[in-house]
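have a look at this fold, sequence not included:
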């Protein structure tokens with residue numbers, strides 16, 4: 001019996017680790033690739049877990065929950081899994097937006113919360129019921145669940161994603177939970193309940209092994225694209241690729257975002273992005289394209305006597321699918337011998353080419369504005385520095401930003417100004433080409449500044465390039481002095497921060513503009529957080545720390561043990577989640593393929609968490625001064641938060657060295673594991689101290705677990721959407737240090 005319960009608790013961590021990651025990926029596609037949804041999904045799940053653990057989990061005490069009750073929750077979970085997946089696939093219809101259309105912040109928040117409610121509530125309830133069923137030993141349940149989470153992250157990344165579709169993964173989880181429930185019920189439950197569980201188990205296995213699983217998955221996928229002729233849908237380790245056909249026109253989507261159309265592309269975009277910048281170079285021979293090349297951009301470049309075009313595309317699946325649905329445009333581009341496709345992150349390719357000493361006449365970054373962490377890393381001072389290193393003497397870096405020739409909104413102004421200010425920190429010459437899409441040119445040469453309209457027109461006529469849009473009239477219109485004057489006048493007086501990897505202000509202004517488009521009611525929120533600073537947020541926390549320290553020294557006891565313990569657990573949960581997100585951001589900034597490594601990064605944190613919990617659980621019986629040890633752990637966490645940004649700064653400052661660059665992965669895994677270890681030490685110890693004043697061990701486990709989850713929820717929501725964009729990594733770390741000082745100060749009344 002004990003073995004069955006241990007496996008059930010392991011399976012709980014495994015199931016919810018896989019389910020969280022799977023739902024985050026599917027909702028990311030439904031939310032048109034907006035990375036902000038990951039924080040909202042994770043935050044929603046955590047607060048729902050807290051409700052399930054802290055409120056619904058109290059039923060375990062009233063019902064005297066034993067093993068059969070826990071098995072019933074496993075059966076409920078198995079039934080909810082496919083229903084929740086269906087809701088994730090059909091979310092866009094529920095919210096009322098078309099495929100490829102952006103979803104505003106408020107619908108993202110409430111829809112993800114509703115969809116995840118059943119699973120999150122069951123997750124939290126299962127933990128408390130498990131503590132009651134397993135002799136009420138919360139520490140053991142916590143550790144075993146964490147170990148299951150580790151294995152779940154690894155299995156999902158390296159087994160489930162490459163070989164199974166979403167419905168198959170859900171059915172595997174349902175089968176495992178039903179098998180666990182059946183083993184428990186056959187020993188402890190009535191025969192009718194055991195027989196019903198076995199029937200569900202057999203039905204799930206039959207469905208999993210039959211062709212029906214694929215049919216159900218395809219049916220769900222079509223529900224995501226209502227009214228469209230979906231001809232292809234496939235997942236890779238980097239995301240999802242879908243193809244829609246309308247007569248002879250194909251539209252390719254990456255994680256729900258339309259990225260190219262063929263055989264008729266967006267003529268204005270591709271022709272302006274290529275021909276206008278090339279007018280500023282006397283004799284272009286070598287070009288590097290960072291993403292978005294196939295589908296028109298490459299064709300326009302190849303109209304010139306270019307010797308070579310290097311093209312970086314991270315996901316090989318995208319090019320494979322483009323070849324699977326050929327058009328005369330894409331076949332012509334990919335068949336040209338001058339095109340060299342590199343299946344690698346564009347920023348990494350720029351770094352590799354720079355280390356090899358290669359030079360380019362033109363580097364085109366054909367990516368959307370920085371509304372996500374993945375995109376922001378191509379608009380930072382750090383990227384511009386490595387891009388400058390590969391530019392030839394007259395080389396030009398080309399990128400774009402949202403534009404207009406009528407009214408420039410506050411978010412659009414801040415976004416354009418931060419791009420300009422960031423470029424100016426690296427390049428001596430920067431020139432915009434205003435329009436509905438602003439094109440930015442940056443170069444170490446003054447060629448882009450001194451070129452007159454007459455020079456540009458003469459160069460265009462001399463080259464004789466056939467185009468659909470670009471003409472003498474179009475060039476005169478684009479470079480008219482009134483537009484240039486209007487553009488600079490619109491940006492005048494705007495105060496912004498330069499964008500960098502460790503202070504991603506471009507992401508903040510990108511989100512500001514994004515919400516102006518899709519959620520105007522939240523644009524004021526992003527306008528407000530763009531003005532936040534460390535003093536405004538840190539000063540109240542410093543005052544609170546001093547106040548709590550005075551109360552702790554002046555009183556024999558801080559009200560009771562419950563209040564300071566709850567504060568400590570909440571702040572530790574907040575700090576642990578913040579650390580995890582910061583490590584992910586650091587990895588993303590350097591490598592750009594965090595979705596491939598996110599399972600390992602999370603598993604490293606969970607491994608440290610489970611090890612810390614296991615060590616403390618085994619030491620509990622021999623500890624005499626629990627509150628003193630808790631205070632020492634708080635100090636250790638404080639010191640770790642102080643030292644971490646210093647270590648990260650050293651890694652970044654030396655990342656140009658190949659050895660450091662490639663070893664950062666292992667270092668980040670180790671740092672994440674160590675952070676998890678410190679967090680894991682605190683939970684069992686706090687549970688024991690709290691139990692000294694609480695009669696019910698089950699209620700204690702629920703309250704401590706819920707407090708941890710509430711802190712983690714606040715960390716997921718605030719750090720990803722407010723603190724990191726507005727303060728950056730270093731100031732966010734400092735703010736969390738001050739926050740932990742508050743919890744340490746509240747403990748002073750317990751350790752005297």
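Looks like it arrived, so ask away. Source: prediction; values computed, not measured.

look up how far residue 388 lies from residue 428.
Relative to residue 388, residue 428 is positioned 10 Å away (C-beta to C-beta, to the nearest Å). Every C-beta, even on glycine, is put in place using the N, C-alpha and C of the backbone.

the more surrounded of those two?
residue 388 (19 against 11; other C-beta atoms under 10 Å).

which SSE is immediately downstream of the host helix or strand of the more buried one?
Per DSSP states H and E: residue 388 is located in helix 381-389. Downstream of helix 381-389, the first helix or strand assigned by DSSP H and E is strand 391-402.

run the angle between that following strand and helix 381-389 for me.
Orientation note: strand 391-402 sits at an angle of 140 degrees relative to helix 381-389 (axes from the mean of the first three to the mean of the last three C-alpha atoms, to 10 degrees).

buried set for strand 391-402?
By 16 or more other C-beta atoms under 10 Å, the buried positions in strand 391-402 come out as 391, 392, 394, 395, 396, 397, 398, 399, 400, 401, 402.

how near is the fourth one to residue 360?
Yep, that's residue 395 we're talking about. Residue 395 is 6 Å from residue 360, by C-beta to C-beta.

ok, now the last one?
Here the criterion is C-beta to C-beta. By it, residue 402 lies 26 Å from residue 360.

one more: the second one?
With distances taken as C-beta to C-beta, residue 392 is found 6 Å from residue 360.

which residues do these two both contact?
With contacts defined as C-beta atoms under 8 Å, 6 or more residues apart in numbering, the residues adjacent to both residue 392 and residue 360 are residue 286.

pLDDT-wise, which helix or strand of the protein ranks last?
helix 59-63 (a mean of 61; mean pLDDT, DSSP states H and E).

in the stretch 451-600 of the chain, what spans have low per-residue confidence?
Applying pLDDT under 70 to the stretch 451-600 of the chain flags the ranges 548-549, 551-561, 589-590, 592-596, 598-599.

next, give phi and psi for the residue nearest to residue 711 when sequence neighbours are not counted.
Leaving aside its sequence neighbours, residue 711 sits nearest to residue 573 (C-beta to C-beta, 6 or more residues apart in numbering; 2.7 Å). Main-chain torsions, residue 573, degrees, to the nearest 10: phi -60, psi -40.

what sits against residue 573?
Taking C-beta under 8 Å, 6+ apart, one finds 679, 707, 708, 709, 710, 711, 712, 714, 715 in contact with residue 573.

quick one: which of those residues is nearest residue 434?
residue 715 (40.4 Å; C-beta to C-beta).

and the closest one, what does it touch?
573, 574, 575, 576, 577, 578, 581.

just the buried subset of the residues you listed, written out for ChimeraX, thanks.
Per 16+ other C-beta under 10 Å, the buried members of the contacts of residue 715 correspond to this ChimeraX selection:
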select :573,574,575,576,577,578,581
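
take the contacts of residue 715 and keep only those in helices.
In this view, those that belong to helices under DSSP state H are 573, 574, 575, 576, 577, 578, 581.

including distance to residue 51, could those residues go into a markdown table?
Listed next are the ones in helices among the contacts of residue 715 as a markdown table, based on distance: C-beta to C-beta, whole Å:
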| residue | distance to residue 51 |
| --- | --- |
| 573 | 15 |
| 574 | 18 |
| 575 | 22 |
| 576 | 20 |
| 577 | 17 |
| 578 | 22 |
| 581 | 22 |
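
how about those residues, which pair is most distant?
Spatial extent of the ones in helices among the contacts of residue 715 (C-beta to C-beta) is set by the pair 573 and 581 at 12.8 Å.

which residues touch residue 439?
By C-beta under 8 Å, 6+ apart, the residues touching residue 439 are 272, 273, 276, 277, 398, 399, 400, 432, 433.

also residue 577?
Counting by C-beta under 8 Å, 6+ apart, residue 577 makes contact with 42, 46, 711, 712, 713, 715, 716, 719.

one more pass at 7 Å, please.
712, 715, 716, 719 (C-beta atoms under 7 Å, 6 or more residues apart in numbering).

lowest-confidence member of those, which is it?
On pLDDT alone, residue 716 ranks lowest of these, at 78.

pretty sure that one contacts residue 47?
No: Residue 716 is beyond contact range of residue 47, at 9.1 Å (criterion: C-beta atoms under 7 Å).

can you tell me the SS state at residue 367?
coil (DSSP: H, G, I helix; E, B strand; the rest coil).
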